[in-house]
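Peer 1: coords below, sequence missing:
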């Protein structure tokens, strides 16, 4: 999850917030930023997921990818909620710690698609 690594770089956390807002903005499609910049990567990743999960339907793979991206965007745009809910036990600034929890969860979720 290279995008989560942006949290490590000075000033880059703002990029994650902007990306999350653009991805969730109802008028995003009109601007075409996500389609132009991120969709080629998304389509390549989905193609790789299809080879990794050959017994899954196109819909299952694409929804799995979309859910993975949603989780990543939510973490990137975190405004302190997870730290508050966990009384400080969860720290999205700790990228390695976050990935130790999130990556296995996402892998299990993708493999466990119905």
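Peer 2: That came through fine. Since the structure is predicted, the reported quantities are computational estimates derived from the model, not experimental observations. Numbers count the residues shown, from 1 in each chain.

Peer 1: Quick check: residue 82 vs residue 52, distance?
Peer 2: Using Cβ to Cβ, to the nearest Å, one gets 28 Å for the distance from residue 82 to residue 52. Bear in mind the C-beta positions are built from the backbone N, C-alpha and C, glycine included.

Peer 1: Quick check: pLDDT value at residue 90.
Peer 2: Residue 90 carries a pLDDT value of 93.

Peer 1: Please verify my assumption that it contacts residue 82.
Peer 2: Yes - the criterion here is Cβ atoms under 8 Å, and residue 90 meets it with residue 82 at 4.4 Å.

Peer 1: Buried ones in the lowest-mean-pLDDT helix or strand in the chain, by neighbour count?
Peer 2: Sorted by mean pLDDT, DSSP states H and E, the helices and strands of the chain end with helix 13-24, the least confident at a mean of 74. For helix 13-24, the buried set under the neighbour-count rule, 16 or more other Cβ atoms under 10 Å, comprises 13, 16, 19-20, 22-23.

Peer 1: before we move on, what about stretch 49-62?
Peer 2: In stretch 49-62, counting by 16+ other Cβ under 10 Å, buried: 49-50, 56, 60-62.

Peer 1: What helix or strand is residue 87 located in?
Peer 2: Residue 87 is part of no helix or strand, with elements assigned from DSSP states H and E.

Peer 1: What about residue 72, how many residues nearby?
Peer 2: Per other Cβ atoms under 10 Å, the neighbour tally for residue 72 reads 20.

Peer 1: Perfect, I'm done here.
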